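J.: any chance you can model this:
(2 chains)
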Amino acid sequence: MTEAVVGELAPGGSLPTIVIEPAPRWPSINFGEMWANRELLLFLVWRDIKVQYAQTALGAAWAVLQPLLTMLIFTVIFGRLAKIPSDGVPYSVFTLAALIPWMYFSNAFSAASASLVTSANLITKVYFPRLIIPVVSVLSGLVNFAVSCVVLAAMMAWYHVTPSVAAIWMIPALLLLTILTATGVGCWLAAIYIQYRDVRHIVPFIVQIWMYISPVVYPLSLVPERYRTLYALNPMAGIIQTFRVVLLRTGEIPWGTLGIGTIVGIALFLSGALYYRRTEHLFADVA
Amino acid sequence: MRGLRSLMRSSATKQTERAAEDFLALRGVSFEIRRGEIVGLIGRNGAGKSTLLKILSRITTPTSGRAEVHGRLGSLLEVGTGFHPELSGRDNIFLNGAILGMRRHEIARRFDEIVEFSGVSQFIDTPVKRYSSGMYLRLAFAVAAHLDSEILVVDEVLAVGDASFQKKCLAKMEDVGHNGRTVMFVSHNMMAVTRLCERTILLDEGRVVADGRSSEIVSDYLRSGVGSTAVREWLDVRSAPGNDIVRLRAVRVRTELGETSEAIDIRTPVRVEMEFDVLAEGHDLIPNFHFFNEEGVCVFIAGDHDPDWKRRARPKGRFTTTAWIPGNFLSEGTMVVSAAVSTMDPVVVHYFERDAVAFQVIDSLDGDSARGDYAGPFPGVVRPLLKWTTSYEPIESERLAMSINS
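T.: Numbers count the residues shown, from 1 in each chain, chains lettered A, B, ... in the order given. Predicted coordinates:
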C-alpha cells in the first residue's frame, strides 16, 4: 500500500488535515473550497481586468466601441435592409439592449472555454480549486458589461426610452442567470478543450449559431408560436427578451420562456461544473 | 502493495494520445515525515521525484494509494508561477502570493520584507516585463521564500540567480527549517541537499531505495552511478567479453592522480582505462570508448590514437590503454562509458561492453569552472572552458564626441 504522511503532529495539534486519494468517480462541486479561496478568485479577476486594459491602446474605450459598432452594423443590415420589426422602439436601441447581455454571455463563455489551456502554467505548478479558472473568466467580463450598460443608458436617454420599475430587480436576476449559464457552458467547453484542442475551432461557430437562435437581431414575437417551447430551451432566449422588455418596455415579460430557460441554465451550470470536477484530475497531465 | 500511479507521457504526444503510454511513475512509495523535519528527495531524472511532489501538492491525483498532509502545504515547483509581465512588481507580489496560498493581509504584512529580500525596490512599480531575468527571478523567489505555510514542498527552485543570491536563498531555506516548519526539498545539487536536510529519501524507478541520514544517502547515491561503478574487472578470461583474438579484462575510471573514483571534479582531467588480453597476434586492434550522459545521449566516441600502436599489428599479451579526457570539458552529471575493441578494413567489433563503467562529474560551484558565477541550470552535453580574447582600443574623447554628434 502506497502511503505518505507529511508533517504529522504531536497529539493535540489542530492543523487542518488533507487526505490525498485517487479522484472519486462522482465528485461534488465543493462550493466550500471555492469560498475558502475567494481571495484568490478576486485577485485573478482583478489581474484579468488590469491586464486587459494595460495591453490595449484604447483601454476602456473598447468596452464602449464594441457594442456600439456591432449595433451600427446590425441596425444597417437587419434594421434598414432586412426591415426586421423592433417592437415599436428604434432598431438601434432595440438591438443594443439585446447585444449587451448577449456580448457579455458570449465573451464570458468563450473566454472560460479557453481559460484552462491559457492557465496551463498555473495548473501544472500549484494547487487551488480548479473551478476558479473558468469562473474568473466569466466574472472578469462584468466590468465591460457595466461599461456597456452605461452606453445603453445614454442611448435610452437619447431616444427618451424609460425602463420599467421591474428592471431594478429583474436585471440583477437576469445577470445572475447569465453568469450561471456562461459558467456551465464554459466549464463544459474548458474541460473538453484541454483534452481535445479541436474545441478552439468550434467555439466561434457555437457563438455564431447561438446568437441567431437568440432574440438579438429580431424580437421573440417573430418566432412562430409552435416553436416557442423548443426555442425557450435556450436560456439566453428568455434572458435577452426579458432584458429588453424590462428596459425598453416593449411588451410583457415572457415568463414561460424565461422559466424554461432558468431550468435549463441551472442544469447547464450544475452539469458543466460536475463534468469539470469529474475530469479535473486529468488537467495537469494533459495541459 | 498497490502502487501510486500517475499518467505521464512525453511532451510530443501528450495532447492527443491519452492512456496509450500509461506507466507507474511511483509504486509502493511509503514514508512518514514528522513536523519540523527537512527532507531531501533525490534520484535520477525520471525516478519519480517530481510526480511525488505533484501528488503531495495536489497538482496531479494518484490512481491509487493515500497520503495525509497535516497542515497547510505550500508548493514551490517553480518560482514566479502566475507572474504577469504586464503587471508591476508590486502587483505581482500580491498576485503570486495569492496563487501560492497566502492571504492578502499576510502578503501586506510581509510586503516590505519581500521587496527588501528581492533587492528590486527601485523598480517595484515597473511592469516586470522590463525586468532583467535576474531581477525577475529574485523577486519571484522572494515571494516564495516568504510563504508562511506549515509545510513547504520545494522543487529545484534554489537553482536561480547568481552565486551570491543562491547563498542568500540557501540561508533563507535554513531559516525556514529552524522555524519548525516541515520541508520537502528536491534537488540535483547534492551539496545543497546535504547542507539543508538531515534526512534524505532516494527514489529510483518510482520506488524508495534508501531513506536515512543525508550524508550517507548522498554519498551512496553518488557512488552508485547508474548501477555500475568506476571499476569493472573480469577475473575469468573465458567469460570475459571478447573472442579468440581479444578479451576485455578491466575498465577503470581514474582521477588525474591515478586513484579510481566515481566522482570527478569538473575542472580536472579524467583517465578512462581499458585492460585487455590479446590472445592471437597479428591484428590491428583499435580500443575505443563511447560516452553517454544520463539522458542516453552519446556525448562523444573516442578511438585510440596512440601513435605507437596506430596501424600496427599487436603481439600477444596484456595491454592497458588509457584515454585522457581534459578537465573543463565534460558537462555536469553522470557519464556512462561503453568499451569496445574493433578492427578496421574489414570492420570487426571484437567486443562492445555496454555501460561498462560510470562516473559523476561534479561542479563544485567555486566560480572557476565554465559556469563561472552562474549557479542556475546550465544545459549542454559538454561544458568546455574556452579561451576567450578581447581586443580593445581607447577612443579619444573628441572623436567619441564627434561620432555621437554625427
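J.: tell me the contacts of the closest residue to residue B:172 other than its chain neighbours?
T.: If the residues on either side of it in the chain are set aside, residue B:172 comes closest to residue B:145, at 4.8 Å by CB to CB, 6 or more residues apart in numbering or on different chains. Placement of C-beta: from N, CA and C, glycine included. Residue B:145 makes contact with B:117, B:169, B:172, B:173, B:176, according to CB atoms under 8 Å, 6 or more residues apart in numbering or on different chains.
J.: all strands for chain A, in order.
T.: Using DSSP state E, the strands assigned to chain A run over residues A:3-8, A:17-20.
J.: show the pLDDT at the residue in chain B positioned nearest to chain A.
T.: Closest contact between chain B and chain A, by CB to the nearest CB, is at residue B:65 (3.2 Å). Residue B:65 carries a pLDDT score of 90 in this model.
J.: next one: residue B:241
T.: 91.
J.: low pLDDT regions in the stretch 251-400 of chain B?
T.: Along the stretch 251-400 of chain B, segments meeting pLDDT under 70 span B:294-296, B:364, B:398-400.
J.: residue A:116 is in contact with residue A:194, correct?
T.: Yes. Under the criterion of CB atoms under 8 Å, residue A:194 makes contact with residue A:116 at 4.5 Å.
J.: list residues touching both of the two?
T.: A:283, A:287.
J.: name the residues that touch stretch A:35-54?
T.: A:34, A:59-60, A:128-129, A:132-133, A:135-137, A:139-140, A:143, B:84, B:86-87, B:91, B:94-95, B:98-99, B:101, B:103-104, B:127.
J.: just the buried members of these?
T.: Those of the contacts of stretch A:35-54 that meet the buried threshold are A:34, A:128-129, A:132-133, A:135-137, A:139-140, A:143, B:84, B:86-87, B:91, B:94-95, B:98-99, B:101, B:127, by 16 or more other CB atoms under 10 Å in any protein chain shown.
J.: would you mind naming what in the stretch 101-250 of chain B lies close to chain A?
T.: B:101, B:103, B:104, B:127, B:150, B:151, B:182, B:184 (CB under 8 Å from any CB of the partner chain).
J.: spatially, which two of those residues are the most separated?
T.: B:127 and B:182 (35.9 Å; CB to CB).
J.: how about the helices in chain B?
T.: B:49-56, B:89-99, B:104-118, B:133-145, B:163-178, B:190-196, B:214-224, B:397-405 (DSSP state H).
J.: of the ones you listed, which is nearest residue A:239?
T.: Checking the helices of chain B against residue A:239 by CB to CB gives helix B:89-99 as the closest, at 32.4 Å.
J.: which residues touch residue A:156?
T.: A:93, A:162, A:163, A:247, A:248.
J.: okay, now the last one: neighbour count?
T.: When neighbours are defined as other CB atoms under 10 Å in any protein chain shown, residue A:248 has 26 of them.
J.: go on, the second one?
T.: Residues near residue A:162, counting by other CB under 10 Å, number 11.
J.: can you check the third one too?
T.: Residues near residue A:163, counting by other CB under 10 Å, number 18.
J.: what residue in the stretch 51-200 of chain A comes nearest to chain B?
T.: residue A:127 (4.0 Å).
J.: what parts of the stretch 51-200 of chain A come near chain B?
T.: A:51, A:54-55, A:121-128, A:195, A:197.
J.: which of those residues fall in helices?
T.: Per DSSP H, the subset of these in helices is A:51, A:54, A:121, A:122, A:123.
J.: quick one: low-confidence parts of chain A?
T.: Using pLDDT under 70, the flagged stretches of chain A are A:1-2, A:7-14.
J.: mind listing the helices for it?
T.: Under DSSP H, chain A gives helices at A:31-36, A:38-54, A:61-74, A:91-118, A:120-123, A:132-140, A:142-158, A:167-193, A:199-212, A:228-232, A:235-248, A:255-286.
J.: which neighbouring elements make contact with the fifth one?
T.: Taking 3 or more CB pairs under 8 Å, 6 or more residues apart in numbering or on different chains; DSSP states H and E as the contact definition, helix A:120-123 has no neighbouring helices or strands.
J.: now do the buried residues in that helix.
T.: A:122, A:123.
J.: now do the second one
T.: Judged by neighbour count (16+ other CB under 10 Å), helix A:38-54 contains these buried residues: A:39-41, A:43-53.
J.: quick check: the residue of the stretch 151-287 of chain A nearest chain B.
T.: Counting by CB to the nearest CB, the stretch 151-287 of chain A gets nearest chain B through residue A:281, at 3.8 Å.
J.: and that residue, how many neighbours?
T.: Count around residue A:281 with other CB under 10 Å applied: 19.
J.: dump the residue contacts of it.
T.: Here residue A:281 is in contact with A:23, B:60, B:61 (CB under 8 Å, 6+ apart).
J.: most neighbours of all those residues, which one?
T.: residue B:60 (25 neighbours).
J.: mind listing what residue A:216 touches?
T.: Neighbours of residue A:216 in contact, by CB under 8 Å, 6+ apart: A:74, A:95, A:98, A:99, A:102, A:240.
J.: need the residues you listed in JSON lines (columns: neighbour count and distance to residue A:210).
T.: Below are those laid out as JSON lines (neighbours: other CB atoms under 10 Å in any protein chain shown; distance: CB to CB, whole Å):
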{"residue": "A:74", "neighbour count": "22", "distance to residue A:210": "16"}
{"residue": "A:95", "neighbour count": "28", "distance to residue A:210": "16"}
{"residue": "A:98", "neighbour count": "27", "distance to residue A:210": "13"}
{"residue": "A:99", "neighbour count": "24", "distance to residue A:210": "13"}
{"residue": "A:102", "neighbour count": "25", "distance to residue A:210": "9"}
{"residue": "A:240", "neighbour count": "27", "distance to residue A:210": "11"}
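J.: tabulate the residues you listed (CSV), appending distance to residue B:397.
T.: Output for these, formatted as CSV (distance: CB to CB, whole Å):
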residue, distance to residue B:397
A:74, 68
A:95, 70
A:98, 71
A:99, 66
A:102, 68
A:240, 74
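J.: coming back round to it: the ones in helices among the residues of the stretch 51-200 of chain A next to chain B: which two are farthest apart?
T.: Top of the distance list for these (CB to CB): A:54 and A:123, 23.6 Å.
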